[in-house]
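Engineer: below: sequence and its predicted model.
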Amino acid sequence: MHSSYQYRRQFVKSRLLQLLVLLFLSATCAARPATPHTIYYNNQPPDANGNYQFEFQTSNGITIKGAGNEAGAVGVVQYVSKEGLPITFTYVADENGYQPSGDHAIKHLDRQLEYIRTHPSVDEVQSRRW
């Protein structure tokens, strides 16, 4: 059985992953209606063993599915680029780091690294407080 701290840590990790993907997509997706809304949403927070999964789809063409546990996470992201091209990539995040794959994975990774470079670092201690 996992401690309360481990459960909260895994929950926060799953939420941060969702947030990072949404931040990236908001900067890269094609122009859509001004107020996109969620068409489908399913979130299963970490269970007693730390396993979680989530998936959602929005009205502006974003579809994201992911699952993971303390060992890592896997997922798929689909959206329409600013140029109108359908983009799909998968990712694995584990002891070997974040590993996106797909035709546009390098561009995705470059944009994420640029985002990290241009935004302030996170205070790890503060981010772990509830």
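Structural biologist: Arrived safely.

Engineer: show me the shaky parts of the chain.
Structural biologist: In the prediction, the chain carries residues with pLDDT under 70 at positions 1-34, 104-109, 124, 127-130.

Engineer: just the helices in it please.
Structural biologist: For the chain, the helices identified by DSSP state H occupy 4-28, 105-118, 124-127, in order along the chain.

Engineer: so what's E95 up against?
Structural biologist: 71-72 (Cβ atoms under 8 Å, 6 or more residues apart in numbering). All C-beta spots, glycine's among them, are computed from the backbone N, C-alpha and C.

Engineer: also T90?
Structural biologist: Shown in contact with T90 (Cβ under 8 Å, 6+ apart): 74-77, 100-102.

Engineer: try Y41
Structural biologist: Y41 makes contact with 55-56, according to Cβ under 8 Å, 6+ apart.

Engineer: look up how far F56 lies from it.
Structural biologist: Going from Y41 to F56 by Cβ to Cβ, to the nearest Å gives 4 Å.

Engineer: swap in V122?
Structural biologist: Remark: distance between V122 and F56 (Cβ to Cβ) = 24 Å.

Engineer: burial measure for Q57, as a count.
Structural biologist: In terms of burial, Q57 registers 16 neighbours under the definition other Cβ atoms under 10 Å.

Engineer: and what of the one 10 residues further on?
Structural biologist: Per other Cβ under 10 Å, the neighbour tally for A67 reads 15.

Engineer: test my guess that it contacts G50.
Structural biologist: No. Taking Cβ atoms under 8 Å as the definition, A67 is not a contact partner of G50, at 11.3 Å.

Engineer: now do the nearest residue to T90 once chain neighbours are set aside against H119, distance only.
Structural biologist: Take T90 and drop its neighbours on the chain: the residue closest to it by Cβ to Cβ, 6 or more residues apart in numbering is V76, 4.9 Å away. From V76 across to H119, the span is 25 Å (Cβ to Cβ).
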